[in-house]
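Asker: Kindly generate the corresponding structure for this input.
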Amino acid sequence: KVPERFEVDLPQAVAKPLVISDEFEYESNKLALNWQWNHNPDHRLWSVTERPGFLRLTTGSLAPAGVLQARNTLTQRTEGPACTGTVLLDTEHMKPGDHAGLVALQSHFGTVGVKVAENGHKFIAMSVNDGSGREKELETVRYRGSEVHLRIDFDFENSKDVASFHYSVDGAEWMQIGGELNMRYTLDHFMGYRIGLYYYATRQTGGHADFDYFRYEKAER
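Answerer: All right, here's what the predicted structure looks like:
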């Protein structure tokens, strides 16, 4: 018979948050346990020591269908009632055909990030799943800088379940891009929505994208 209660001599420990901000200041390539890769990573193609203070993602294979094929997407959970994830992305060494940014990751995903055209021009783009797993762009904006701030806001309060996508030149003045994502909870991908940092190539490998930080805020309502 299972007892209703019992005592266990466990050490006292301070509760730790489930989701954290990260400045990527590590002495070795061992991330905090709050991070999870979207699937088995290729450890040759990421580093937090190659450029100290940055997460560097490098492409080693092509992902022509888009973000769901990206090999090393680094994710954390999202939390209610509302939360926000922000990154500063350095795009200087991205190659034509490359995409990098933030994703609200589930089968019905939404992305905000930088894509590099064949002629080397850069664009901020917001996209969603087109129904077949590929990305359908809802809006693109020409971008001439090398660094850009990206943000996704998640609102779960009272089952609203909406995500919105933003970018900024200076981290102070934000522009919303594309449309709101009506988040759908389906079991063909994840139990719930995660926020992910992604980088993938569609034409050639060997480029890299550097994320200076990931900053997370959870609303307390």
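Asker: any idea which strand is longest in this structure?
Answerer: strand 208-218 (DSSP state E).
Asker: Which secondary structure elements does that strand sit against?
Answerer: Strand 208-218 sits against strand 55-58, strand 82-90, strand 194-201, with contacts defined as 3 or more Cβ pairs under 8 Å, 6 or more residues apart in numbering; DSSP states H and E. In short, each C-beta sits where N, CA and C put it, glycine included.
Asker: what about the closest residue to M191 other than its chain neighbours, neighbour count?
Answerer: Closest residue to M191 apart from its sequence neighbours, by Cβ to Cβ, 6 or more residues apart in numbering: Y185 at 7.9 Å. The number of residues packed near Y185 is 13, by other Cβ atoms under 10 Å.
Asker: The residue nearest the centre of the chain - nearest residue in space that isn't next to it in sequence?
Answerer: Central residue of the chain (Cα atoms, centre = their mean): G196, 2.2 Å from the mean position. By the measure of Cβ to Cβ, 6+ apart, the closest residue to G196 outside its immediate chain neighbours is T75, 4.0 Å from it.
Asker: Spit out the contact partners of the closest residue to L88 other than its chain neighbours.
Answerer: What sits nearest to L88 in space, not counting adjacent residues and going by Cβ to Cβ, 6+ apart, is D212, at 4.0 Å. Going by Cβ atoms under 8 Å, 6 or more residues apart in numbering, D212 touches 23-24, 53-54, 87-90, 147.
Asker: related to what we said a few turns ago, including distance to I152 and mean pLDDT, could the helices and strands packed on strand 208-218 go into a markdown table?
Answerer: Shown next, in a markdown table, are the helices and strands packed on strand 208-218 (distance: least, Cβ to Cβ, whole Å; pLDDT from 0 to 100):
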| stretch | distance to I152 | mean pLDDT |
| --- | --- | --- |
| strand 55-58 | 17 | 98 |
| strand 82-90 | 5 | 98 |
| strand 194-201 | 6 | 98 |
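Asker: Pipe the ones you listed into a markdown table and attach distance to V141 per row.
Answerer: Formatted as a markdown table, the helices and strands packed on strand 208-218 follow (distance: least, Cβ to Cβ, whole Å):
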| stretch | distance to V141 |
| --- | --- |
| strand 55-58 | 23 |
| strand 82-90 | 15 |
| strand 194-201 | 19 |
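Asker: re earlier: now do the longest strand of the chain against strand 82-90, angle only.
Answerer: Counting by axes from the mean of the first three to the mean of the last three Cα atoms, to 10 degrees, strand 208-218 lies at 160 degrees to strand 82-90.
Asker: what comes up buried for strand 208-218?
Answerer: 208-216, 218 (16 or more other Cβ atoms under 10 Å).
Asker: Need the winner for burial among the helices and strands packed on strand 208-218.
Answerer: strand 194-201 (a mean of 26; mean count of other Cβ atoms under 10 Å).
Asker: which residues of this structure score low on pLDDT?
Answerer: 190, 221 (pLDDT under 70).
Asker: for it, what spans make up the helices?
Answerer: Taking DSSP state H, the chain contains no helices at all.
Asker: Between its first and last residues, how far does stretch 5-17 reach?
Answerer: 27 Å (Cα to Cα, to the nearest Å).
Asker: Also stretch 45-58?
Answerer: 5 Å.
Asker: about what we covered before: relative orientation of the longest strand of the chain and strand 194-201 in degrees?
Answerer: Going by the same axes, to 10 degrees, strand 208-218 makes 170 degrees with strand 194-201.
Asker: In PDB, could you pull the C-alpha coordinates for strand 208-218?
Answerer: Extracted C-alpha coordinates of strand 208-218, given in PDB (Å, rounded to 0.1, in the frame of the first residue of the first chain):
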ATOM      1  CA  HIS A 208      28.100  32.300 -39.100                       C
ATOM      2  CA  ALA A 209      25.800  34.500 -37.100                       C
ATOM      3  CA  ASP A 210      26.600  35.900 -33.600                       C
ATOM      4  CA  PHE A 211      24.100  36.500 -30.900                       C
ATOM      5  CA  ASP A 212      25.300  38.900 -28.300                       C
ATOM      6  CA  TYR A 213      22.700  38.100 -25.700                       C
ATOM      7  CA  PHE A 214      19.300  36.600 -25.000                       C
ATOM      8  CA  ARG A 215      17.200  38.600 -22.600                       C
ATOM      9  CA  TYR A 216      14.000  37.300 -21.100                       C
ATOM     10  CA  GLU A 217      11.200  39.000 -19.200                       C
ATOM     11  CA  LYS A 218       8.100  37.400 -17.700                       C
END
